[in-house]
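Colleague: this one's sequence-less:
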């Protein structure tokens, strides 16, 4: 993508993170004291098991190197605002979902460069290996994630009415922009689109479904409540696809690396919708 497109993409992510900040309060971070077992289990699923599952899928599936790297970028990313919306619609523990998203967003600014660099070294073809500078990457992710979230939280604290009114329009605007970005990626890679979709579609679906299943059943194993188990499942399986695309395009300069996150960003609405259907249907029965 050209410079204008990358600026638009980075700006879109900043708007999304600002919108997320508008929905957060300090108490969201204090819940780690109230629900330590659920929080820790959710973070283990997202920060440890998710990358391991992503790596396993990238190895087991016959994927092109750029698709494997895209899978790992996705697996390194935290949950996003979409997971909170799905948790709310599924009548899960929305507060837990929001807390896990917030905490993982802060932690992954340190882990993303490590996981992505590992993927680049392991999967990239000889002569095409590139590396992210750890310090520079942490700073750039901090700027496009943590600062907008912090600004949004500050606005929420001092201008709560305004924050609540703006949260929905900001979310809709960012959704439109990222939809256009995804369309641009598919157009840019149209020559390889069918091949990419055949590989990335199944692999990203496997990542999505497997991580949600592991999140849910690990929660049941540790006797977490059902509402919290559903939230952990959603947080484990619904990642911040916009951040993954931004890492691929803005930090690595590759739309090919963004194919898997882009396809994932579309598929997760179908699996998320299925989770909502199952959760609400069972409550009605």
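Modeller: That came through, no problem. Everything quoted here is computed from the prediction, not taken from an experiment.
Colleague: CA only for contacts and neighbour counts going forward, please
Modeller: OK.
Colleague: For residue 239, what are phi and psi?
Modeller: Per-residue torsions, residue 239: phi -100, psi 170 (degrees, to the nearest 10).
Colleague: show me what contacts it?
Modeller: Residues in contact with residue 239, defined by Cα atoms under 8 Å, 6 or more residues apart in numbering, are 74, 75, 77, 78, 79, 80, 83.
Colleague: contacting residues for the first one?
Modeller: Right, the one you point to is residue 74. Contacts for residue 74 (Cα under 8 Å, 6+ apart) come out as 239, 240, 241, 244, 260, 261.
Colleague: Skip the chain neighbours and tell me the closest residue to the fourth one.
Modeller: It stands for residue 244. Leaving aside its sequence neighbours, residue 244 sits nearest to residue 74 (Cα to Cα, 6 or more residues apart in numbering; 5.3 Å).
Colleague: what does residue 70 give?
Modeller: Closest residue in space to residue 70, ignoring its immediate chain neighbours: residue 257 at 4.7 Å, by Cα to Cα, 6+ apart.
Colleague: The one you found and residue 27, how far apart?
Modeller: When Cα to Cα, to the nearest Å is applied, the distance between residue 257 and residue 27 equals 36 Å.
Colleague: Same drill for the two, tell me which one is more crowded.
Modeller: Looking at residue 257 and residue 27 with other Cα atoms under 10 Å, you find the greater number of neighbours at residue 257, namely 25 against 10.
Colleague: Which secondary structure state does that one sit in?
Modeller: coil (DSSP: H, G, I helix; E, B strand; the rest coil).
Colleague: Closest to the centroid, which residue in the chain?
Modeller: Residue closest to the mean C-alpha point of the chain, counted by Cα atoms, centre = their mean, is residue 240 at 1.8 Å.
Colleague: quick one: contacts for that one?
Modeller: Contacts for residue 240 (Cα under 8 Å, 6+ apart) come out as 74, 77, 78, 79, 80, 81, 82.
Colleague: With adjacent residues omitted, what lies nearest to the fourth one?
Modeller: The reference is to residue 79. Among residues not flanking residue 79 along the chain, residue 239 sits closest, at 4.3 Å (Cα to Cα, 6+ apart).
Colleague: any idea how far that neighbour is from residue 166?
Modeller: Here the distance between residue 239 and residue 166 works out to 23 Å (Cα to Cα).
Colleague: and what of residue 58?
Modeller: On the measure of Cα to Cα, residue 58 and residue 166 end up 39 Å apart.
Colleague: With that, I have no additional questions.
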